[in-house]
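Undergrad: Turn this into a structure:
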Amino acid sequence: MTDARPLGFDEATFIAAVRSGDTARFALMTERHRRELQVHCYRMLANYEDAQDMTQETFLRAWNKRESFKGHAALRTWLYRIATNACLDFLEKRNDRTPAQSELPGPGSEVLYLQPYPDRMLPEDPQESVVARETIELAFIVAVQHLPPRQRAVLVLRDVLGWPASKAADALELTVASVTSALQRARATMREQLPDRRLDWRSPATHELSDDERGVVRSYIDAHERNDLDGLVSLLRDDLRFVMLPESGTSSITAEDAVDGWVAGGLFQRGYDDWRCITTTLNRMPAAALYRRTPDAPEYRLFTIAVLHIVDGRIAELTGFDARDKPWLGLPPTL
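TA: Numbering: from 1, shown residues only. Modelled structure (predicted):
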């Protein structure tokens, strides 16, 4: 099944490039879709580095299959189809390679391979940006990981990209009935995983941080830099959900327990640690990059990054990531 559409300029130009062996033109026309394809792969895989690899794999597969492109579907659609199947192949291999990951995460469990997504790498297309925040936030990305791979692909193609059932079925080589059934099951799981979130991701939604969010991040940074544990506790909801990746994950705990754990782990040693922090955003969410300096160090070194979900002026979810040796975050390694 194909798109019922006339041959467009991009498709005609692409076919001409393929026939003439114009590799530069081929690369130029596929490269313009890199960012949106990488976000698509990230939604499927929840890992920035894996998404980078699968985007590159998409371009390699596109080159190898270039002769099969006849312009019956849009070039963008063709690339999304290749990217989706590259991710499905990757997930199958990952499960085979790591048997412990062959089972889907259980309710409340963490996705230990989760990585944040730098906002500077998000697509610049305003149509993509309209839906980017709610479908790139960590809660959504984690919830999608609770779906079997093919349900995951159906949900992203249908509800995020807005593809009709026939188009999704063609991309996944399924029947329309199978796609419809898979989408119903996927939506039911997403409602369980995101009980307090709106599930209509295609309606317009702002992706800008609110003044409330910016204010909480400033207070969080100020408390860190002053080693003010009481001030930090005052910013956390009592039912805080705290996760530190990739080491381990914990579910809902009290704010005091979270801080006690940080102290026990040596993060707040008065007279020992000196902190500097900078405000940033990841996954279109407010975040703080934490730089730590020990007494014998001449500079502050990037240590962790805290991504915050803020509700009514307090931190409801705090997801911490080891930020060392990750230049793709786009953060200076030292201050």
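
Undergrad: residue ranges for the strands of the stretch 201-335 of the chain, please.
TA: 236-245, 248-252, 274-282, 285-293, 301-311, 314-322 (DSSP state E, counting those that start in this stretch).

Undergrad: buried sites along stretch 154-169?
TA: 154-161, 163, 165, 167-169 (16 or more other C-beta atoms under 10 Å). For every residue, glycine as well, the C-beta is placed using N, CA and C.

Undergrad: Quickly find the element holding Q151.
TA: Using DSSP states H and E, Q151 sits within helix 149-155.

Undergrad: which strands and helices sit next to that helix?
TA: In terms of contact count using 3 or more C-beta pairs under 8 Å, 6 or more residues apart in numbering; DSSP states H and E, helix 149-155 is assigned the packing partners helix 34-45, helix 75-97, helix 165-172, helix 176-193.

Undergrad: who wins for proximity to E225 among the strands of the stretch 201-335 of the chain?
TA: strand 274-282 (5.2 Å; C-beta to C-beta).

Undergrad: The closest one versus strand 314-322: what angle between them?
TA: 100 degrees (axes from the mean of the first three to the mean of the last three C-alpha atoms, to 10 degrees).

Undergrad: Now do strand 274-282: which elements does it pack against?
TA: helix 211-225, strand 285-293, strand 301-311.

Undergrad: which one of these lies closest to H40?
TA: Short answer: strand 285-293, nearest of the helices and strands packed on strand 274-282 by C-beta to C-beta, at 19.1 Å.

Undergrad: Check which strands are paired with that closest one and give the direction for each one.
TA: Looking at strand 285-293 with DSSP bridges, its partner strands are strand 274-282 (antiparallel), strand 301-311 (antiparallel).

Undergrad: Identify whichever of those lies nearest to L229.
TA: When the strands paired with strand 285-293 are compared for distance to L229 using C-beta to C-beta, the nearest one is strand 274-282, at 12.3 Å.

Undergrad: outside of that closest one, which residues touch it?
TA: For strand 274-282, the surrounding residues in contact (C-beta atoms under 8 Å, 6 or more residues apart in numbering) are 116-119, 209, 214, 217-218, 220-221, 224-225, 227, 286-295, 300, 305, 307, 329, 331, 335.

Undergrad: For A306, see how far away T279 is.
TA: 11 Å (C-beta to C-beta, to the nearest Å).

Undergrad: nearest spatial neighbour of S178, skipping sequence neighbours?
TA: Using C-beta to C-beta, 6 or more residues apart in numbering and skipping residues adjacent in sequence, the residue nearest S178 is A169, 7.1 Å away.

Undergrad: can you pull the contacts of that neighbour?
TA: Contacts for A169 (C-beta under 8 Å, 6+ apart) come out as M1, T175, V176, S178, V179.

Undergrad: Please repeat the previous calculation with a cut-off of 10 Å.
TA: M1, V154, L157, R158, W163, T175, V176, A177, S178, V179, T180, A182 (C-beta atoms under 10 Å, 6 or more residues apart in numbering).

Undergrad: low-scoring pLDDT stretches of this structure, where are they?
TA: Within the chain, the segments meeting pLDDT under 70 span 1-7, 9, 96-109, 126-131, 198, 200-207, 247-256, 259, 261-272.

Undergrad: let's see it at 90
TA: For the chain, applying pLDDT under 90 flags the ranges 1-29, 67-74, 93-112, 123-134, 194-210, 224, 226-233, 238-274, 294-297.

Undergrad: Give me the domain ranges for it.
TA: 9-193, 211-329 (automatic domain parsing).

Undergrad: Using TSV, lay out the ones you listed together with distance to L199.
TA: Shown next, in TSV, are the domains of the chain (distance: least, C-beta to C-beta, whole Å):
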stretch	distance to L199
domain 9-193	6
domain 211-329	17
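
Undergrad: one step back: and the strands of the stretch 201-335 of the chain, which is most packed in?
TA: A comparison of those by mean neighbour count, using mean count of other C-beta atoms under 10 Å, puts strand 285-293 on top with a mean of 22.

Undergrad: Pull that strand out as CSV, backbone CA atoms only.
TA: Only the C-alpha atoms of strand 285-293 are listed here, as CSV (Å, rounded to 0.1, in the frame of the first residue of the first chain):
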residue,chain,number,x,y,z
MET,A,285,12.4,19.7,30.8
PRO,A,286,14.1,22.0,33.3
ALA,A,287,17.5,20.6,34.4
ALA,A,288,20.5,21.5,36.5
ALA,A,289,24.1,20.5,35.5
LEU,A,290,26.0,19.9,38.7
TYR,A,291,29.8,20.6,38.8
ARG,A,292,31.8,19.3,41.8
ARG,A,293,35.1,20.5,43.1
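
Undergrad: Between helix 211-225 and it, find me the angle.
TA: Using the same axes, to 10 degrees: strand 285-293 against helix 211-225 is 10 degrees.

Undergrad: Begin at 508 from now on, thanks
TA: Got it, first residue is 508 now, which makes that one strand 792-800.
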